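[1] Just the structure for this:
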Amino acid sequence: MDTVNIALFTFFRGEDETMKQFGYKNYISQSKIGERFLKALREGRLEGTKCSQCSTLYYPPRATCKECLTDKFIEPSEFSGKGKVLSFSEVHIPPAGFERFAPYTVTVVDLKEGGRVVAWVDDVTDPLKIGEDVLVKPEVIEGDRVIYRVLRGKDITISSEELAVTEEFKVKAKRLMNKVAIVTGAGKGIGREIALEYAREGAKVVVAARTKSDIDSLVNEIMELGGEAIAITCDVSNVEEVNRLVREALENYQRVDILVNNAGITRSALIAKMTDDIWNSVININLTGTFNCIRAIAPHFMKKRPLGGKIINFTSTAAKYGNVGQAAYAASKWGTIALSKTAARELARYKVNVNCIMPGYIDTAMTAGTPAVYKEQTIAQIPQMRIGYPVDVAKIAVFLASSDSDYMTGSILQVDGGLRM
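    Residues are numbered from 1 along each chain as shown. Sure thing, here's the model as predicted:
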């Protein structure tokens with residue numbers, strides 16, 4: 001059996017008919033069917049939908065049957081991933097982000113059950129043939145992009161040797177095994193994705209947010225992945241609630257190794273029209289909230305044995321460059337940088353690393369209401385020609401929480417696709 005290397009396929013871009021019928025906006029998981037679809041992909045499965053009335057199968061999944069013109073009979077349906085090569089063409093000049101694959105072949109696979117999948121294939125020593133039997137399997141999900149693996153051969157099965165390598169890789173990949181992490185603002189967006197990535201990397205995660213239903217559902221998702229997590233409601237601007245968060249985390253796990261200060265809000269107003277309420281609410285959550293959490297965890301880090309810990313704070317490119325109408329937000333995020341550098345100096349003797357992540361334009365609930373014209377203008381300025389996704393930031397948060405970043409403190413890692421070089 002030959003294995004074609006992993007390749008990248010852009011999935012569900014733009015407000016097309018399928019996305020509208022799912023209720024998608026810019027992020028697949030904003031739909032219940034989309035959440036299920038992503039969960040299946042993360043588990044290595046292709047799950048479409050089927051109309052039980054007319055037996056029509058759909059991949060990608062649809063929420064409404066084209067034949068019956070109703071969503072009453074739509075139900076999930078497992079797809080085998082088997083199919084035939086429908087067409088392919090060689091690409092020599094790749095779009096931004098695909099340079100490392102060039103030259104490569106873009107392949108359309110007609111799935112056996114219905115529907116089609118597009119895969120980017122590189123290093124094809126044995127040329128593809130129209131009508132060739134193949135198997136497609138999802139391996140990595142990044143925002144609205146899917147990386148598929150294309151298998152070739154008569155039986156189209158994964159060898160025992162290949163499975164052994166995969167399992168060995170999974171074990172080695174758990175960089176946060178047995179670590180305990182607190183993630184604030186974990187109910188949505190970046191915080192939620194960080195908590196999930198930490199769980200996949202072996203950490204026990206204490207997820208905190210103001211909305212209990214959000215973090216309860218996150219804990220359930222982590223447990224379904226085979227991870228361990230607890231949910232604690234917390235308003236980081238409230239000192240008593242922050243102290244309770246740290247206390248309950250220590251009561252449950254006896255120690256904390258990682259603190260992620262992700263909780264944040266934005267409220268826009270021009271300086272001349274900004275009220276005390278707008279200014280204070282943003283500063284209290286974004287800056288004072290981060291301070292409250294660092295102050296609460298510092299005594300534990302100073303006395304825990306063995307010494308060591310990771311604190312990851314969130315700033316923004318708005319802190320560095322400013323944004324019209326976001327004086328409070330930009331000020332709070334610049335203050336977070338100064339706070340982080342001071343904490344890095346004070347806690348270095350206790351082997352605690354304090355670093356910042358500076359995201360650019362990331363597709364989250366916070367940015368969902370951004371006018372389409374502004375989004376398009378921003379994306380046009382990004383060298384990588386795409387918006388960022390929570391998983392792009394979560395991967396950096398894993399690096400900063402792991403031993404790979406032990407010789408970094410007081411640093412700022414900018415994650416913006418090159419927008420603000």
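
[2] Number of residues surrounding K212?
    12 (other C-beta atoms under 10 Å). C-beta here means a position set from N, CA and C on the backbone, and glycine is covered the same way.

[3] so what's it up against?
    A231, T233 (C-beta atoms under 8 Å, 6 or more residues apart in numbering).

[4] what's the distance between it and A296?
    20 Å (C-beta to C-beta, to the nearest Å).

[5] Ok, E67 next?
    With C-beta to C-beta as the criterion, E67 and A296 are 58 Å apart.

[6] Of the two, which one has the most company?
    For E67 versus A296, neighbours defined as other C-beta under 10 Å are more numerous around A296 (22 against 10).

[7] OK, contacts around the closest residue to the more buried one other than its chain neighbours?
    Spatial nearest neighbour of A296, excluding adjacent residues (C-beta to C-beta, 6 or more residues apart in numbering): V246 at 4.4 Å. By C-beta under 8 Å, 6+ apart, the contact list for V246 reads I182, V256, C293, A296, I297, H300.

[8] What are the boundaries of the strands in the stretch 1-150 of the chain?
    Listed in chain order, the strands of the stretch 1-150 of the chain (DSSP state E, counting those that start in this stretch) span 2-10, 46-51, 57-58, 74-79, 82-91, 104-111, 116-122, 133-142, 145-152.

[9] least reliable of those strands going by mean pLDDT?
    Note on those: strand 2-10 shows the lowest mean pLDDT, a mean of 38.

[10] Farthest pair within the contacts of V246?
    Farthest-apart pair in the contacts of V246 is C293 and H300; separation 11.6 Å (C-beta to C-beta).

[11] So those two - more neighbours on which side?
    Using other C-beta under 10 Å, the more surrounded residue of C293 and H300 is C293, with 25 against 17.

[12] A348: how many residues sit nearby?
    Around A348 there are 13 residues (other C-beta under 10 Å).

[13] That one touches D406, doesn't it?
    No. The criterion here is C-beta atoms under 8 Å, and A348 misses it with D406 at 11.6 Å.

[14] Could you work out the end-to-end span of stretch 181-194 for me?
    10 Å (C-alpha to C-alpha, to the nearest Å).

[15] Now do that stretch: distance to the chain's middle.
    Distance, stretch centre to chain centre, for stretch 181-194: 10 Å (C-alpha atoms, centre = their mean, to the nearest Å).

[16] average model confidence for it?
    Averaging pLDDT along stretch 181-194 yields 96.

[17] buried residues in it?
    For stretch 181-194, burial by neighbour count (16 or more other C-beta atoms under 10 Å) applies to 181-194.

[18] Tell me where the stretch 301-421 of the chain has strands.
    309-314, 352-359, 412-415.

[19] wait, the stretch 151-300 of the chain
    Counting by DSSP E, counting those that start in this stretch, the strands of the stretch 151-300 of the chain are 180-184, 204-209, 228-233, 258-261.

[20] closest one to E78 among these?
    Nearest of these to E78, taken as C-beta to C-beta: strand 228-233 at 27.8 Å.

[21] between the closest one and strand 204-209, what angle do the directions make?
    Angle, strand 228-233 to strand 204-209, by axes from the mean of the first three to the mean of the last three C-alpha atoms, to 10 degrees: 20 degrees.

[22] what does strand 228-233 contact?
    Applying C-beta under 8 Å, 6+ apart, the set of residues contacting strand 228-233 is 195, 199, 204-212, 215-216, 218-219, 222-223, 241, 244-245, 248-249, 252.

[23] coming back round to it: reformat the contacts of V246 as JSON lines; add distance to D363.
    Formatted as JSON lines, these follow (distance: C-beta to C-beta, whole Å):
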{"residue": "I182", "distance to D363": "25"}
{"residue": "V256", "distance to D363": "30"}
{"residue": "C293", "distance to D363": "26"}
{"residue": "A296", "distance to D363": "31"}
{"residue": "I297", "distance to D363": "30"}
{"residue": "H300", "distance to D363": "34"}
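
[24] So which of those residues are in helices?
    Using DSSP state H, C293, A296, I297, H300 are the members of the contacts of V246 that sit in helices.

[25] The nearest residue to the third one once chain neighbours are set aside: what's it in contact with?
    This means I297. Beyond its immediate neighbours in the sequence, the residue positioned closest to I297 (C-beta to C-beta, 6+ apart) is L259, lying 5.1 Å away. Contact partners of L259, counting by C-beta under 8 Å, 6+ apart, are A181, I182, C293, I294, I297, G309, K310, I311, I312.

[26] do the same with A344
    N353, V354, N355, T409, G410.

[27] And for the third one, the neighbour number?
    It refers to N355. 23.

[28] Which strand residues bridge it?
    Beta bridges link N355 to I312 when assigned by DSSP bridges.

[29] how about low-confidence regions in the stretch 251-400 of the chain?
    366, 368-371, 374 (pLDDT under 70).

[30] for it, what spans make up the helices?
    With helices called from DSSP state H, counting those that start in this stretch, the stretch 251-400 of the chain shows them at 276-283, 289-303, 317-321, 327-347, 372-381, 390-401.

[31] Nothing else from me, thank you.
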